[in-house]
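Peer 1: let's see this in three dimensions:
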Amino acid sequence: MATPRRSHTSTRLLVATAVFGCSKAAPPPIKHDGAPVAVAAADAAAVVAPTDADASAGKITISVVQPGVPGSGFAKRCAVGGAPLASTCVGGSTGIALDKAGTLYVTNEGALHRYKVDADCKLEPAGDPIALPENNPRPQVVGKGPMYMRSGGVAWDLVQTSDAIYAHDFLVGLFRVDRGKVEPACTAEFGFRNYVKVGKRFLAQRKGIEEVTLGAKGACKVKSAGIDDKARSLFAARDKAYTSFDDLGIRLCHASAMTACGDGACILDHNCPKLVQLAADGTVLRQIEDDKLFDKRPYSVDALATAADGAVYLYARHRDKVGDKDVCEAAIYRVPAATFER
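Peer 2: Here you go, the predicted model:
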């Protein structure tokens with residue numbers, strides 16, 4: 001019996017990952033599947049000498065100095081217009097994406113909210129919320145294939161492709177969002193943790209990496225993608241796929257999201273909160289820990305999306321105690337493109 005783990009999406013990525021414990025002690029040896037695929041073809045950048053005495057030579061090439069003034073964290077919390085983005089504290093929807101027009105899409109439990117964004121991180125509603133399909137997963141039959149289970153209700157993630165934004169849930173299916181409407185794209189198959197568009201291929205991660213061919217009215221066909229059928233993860237940024245991260249010289253406790261940033265890509269670590277910047281050739285350039293990224297540490301960091309100007313938007317959740325109840329509120333942060341300059 002397979003139990004899905006929550007995964008997250010962003011404008012140019014999809015993620016499903018294995019989880020490793022978070023510890024300040026030296027990590028035990030970890031067996032990997034293979035080296036990561038380069039994010040994009042690019043000339044090798046000049047190597048910058050490590051500025052941190054503890055950095056691995058040739059790996060960490062740029063250090064990040066902690067802001068010395070309160071309120072100067074790299075990530076700025078956005079002012080969200082309209083209704084607050086309520087969120088469950090465990091599980092729930094955590095999708096974020098940007099379309100070609102620059103509209104920011106955020107899943108808010110059973111609805112999809114749209115916002116206009118500006119450089120000051122002010123989010124103004126760009127139309128009424130779009131209702132997402134109800135929690136109506138396909139029936140499962142004992143003895144006919146794997147049984148999939150989850151705790152909680154629907155957990156919507158988002159992915160942007162060159163032609164549309166798609167919303168997907170582990171048991172409900174994949175849906176195309178276009179001109180304010182939600183239409184079934186792949187509901188004949190289920191159990192996919194993530195989807196990603198690489199070139200003309202629609203890939204998804206279930207047992208391994210599979211290729212999905214979309215039909216009409218939710219019909220779809222699935223076959224092996226011939227990439228890595230044993231892969232436990234699937235990432236994509238700048239139209240290149242990743243199935244693992246080996247020999248980076250850093251520890252990732254639980255990589256939950258990936259998006260384009262700088263001339264390469266950024267990985268979001270959910271369990272040991274930080275943002276890791278990779279160069280185009282896969283070399284680690286920066287690690288920005290949560291105490292440098294935020295003025296007030298969120299309860300969780302969940303998803304990423306990249307704007308046309310190079311800024312990165314981050315979906316997070318803050319948790320508070322109201323009486324005897326835990327209350328969580330979703331928050332959107334903006335990390336300016338200048339943060340990722342060499």
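
Peer 1: how near is residue 195 to residue 285?
Peer 2: 28 Å (CB to CB, to the nearest Å). Every C-beta, even on glycine, is put in place using the N, C-alpha and C of the backbone.

Peer 1: before we move on, what about residue 249?
Peer 2: Counting by CB to CB, the gap from residue 249 to residue 285 is 12 Å.

Peer 1: so the two - more neighbours on which side?
Peer 2: residue 285 (22 against 12; other CB atoms under 10 Å).

Peer 1: so the more buried one sits against residue 278, correct?
Peer 2: Yes - at 6.6 Å, residue 285 counts as touching residue 278 under the criterion of CB atoms under 8 Å.

Peer 1: find the residues that touch each one of these two.
Peer 2: In terms of CB atoms under 8 Å, 6 or more residues apart in numbering, residue 285 and residue 278 are both contacted by the residues residue 264.

Peer 1: element containing the residue located most distally from the centre of the chain, please.
Peer 2: Relative to the centre of the chain, the most outlying C-alpha is that of residue 143, 33.4 Å out, by CA atoms, centre = their mean. Counting by DSSP states H and E, no helix or strand carries residue 143.

Peer 1: now do the contacts for it.
Peer 2: Applying CB under 8 Å, 6+ apart to residue 143 gives no contacts.

Peer 1: tell me the confidence at it?
Peer 2: Looking at residue 143, its pLDDT reads 76.

Peer 1: could you measure from it over to residue 188?
Peer 2: Remark: distance between residue 143 and residue 188 (CB to CB) = 20 Å.

Peer 1: go on, residue 194?
Peer 2: 18 Å.

Peer 1: show me which of those two is the more surrounded one.
Peer 2: residue 194 (25 against 15).

Peer 1: my read: that one touches residue 205, true?
Peer 2: Yes - with contact defined as CB under 8 Å, residue 194 and residue 205 form a contacting pair (5.0 Å).

Peer 1: could you find the closest non-adjacent residue to residue 148?
Peer 2: Leaving out its chain neighbours, the residue that sits closest to residue 148 by CB to CB, 6 or more residues apart in numbering is residue 191, at 5.0 Å.

Peer 1: what's around that neighbour, how many residues?
Peer 2: 21.

Peer 1: ok, now residue 201?
Peer 2: Residue 201: 13 neighbours (other CB under 10 Å).

Peer 1: tell me the pLDDT of it.
Peer 2: 92.

Peer 1: ok, it - contacts?
Peer 2: Contacts of residue 201 by CB under 8 Å, 6+ apart are 211, 225.

Peer 1: beta partners for it?
Peer 2: Counting by DSSP bridges, residue 201 forms beta bridges with residue 198.

Peer 1: would you mind measuring from it to residue 295?
Peer 2: In terms of CB to CB, residue 201 sits 41 Å off from residue 295.

Peer 1: go on, residue 169?
Peer 2: 33 Å.

Peer 1: quick one: which of the two has more around it?
Peer 2: residue 169 (23 against 14).

Peer 1: with adjacent residues omitted, what lies nearest to the more buried one?
Peer 2: Here the residue nearest residue 169, using CB to CB, 6+ apart, is residue 154, at 5.1 Å.

Peer 1: which element is that neighbour on?
Peer 2: Going by DSSP H and E, residue 154 is not in any helix or strand.

Peer 1: contact partners for it?
Peer 2: 93, 109-110, 132, 134-135, 169, 172.

Peer 1: so which of those residues wins on neighbours?
Peer 2: Going by other CB under 10 Å, residue 93 tops the contacts of residue 154 with 28 neighbours.

Peer 1: can you give me the end-to-end span of stretch 84-91?
Peer 2: 18 Å (CA to CA, to the nearest Å).

Peer 1: before we move on, what about stretch 230-243?
Peer 2: 9 Å.

Peer 1: what residues of it count as buried?
Peer 2: 231, 233-238, 240-243 (16 or more other CB atoms under 10 Å).

Peer 1: over to stretch 199-217?
Peer 2: Applying 16+ other CB under 10 Å to stretch 199-217 flags 202-206, 208-212, 214 as buried.

Peer 1: separation between the residue most central in space within the chain and residue 230?
Peer 2: Closest residue to the average C-alpha location of the chain: residue 257 at 2.8 Å, with CA atoms, centre = their mean. The gap separating residue 257 from residue 230 is 22 Å, by CB to CB.

Peer 1: now swap in residue 202 and tell me
Peer 2: 20 Å.

Peer 1: swap in residue 162?
Peer 2: 29 Å.

Peer 1: ok so, going back, farthest pair within the buried residues of stretch 230-243?
Peer 2: 231 and 238 (19.0 Å; CB to CB).

Peer 1: count the neighbours of residue 317 for me.
Peer 2: 20.

Peer 1: just the pLDDT for it.
Peer 2: Reported pLDDT for residue 317: 91.
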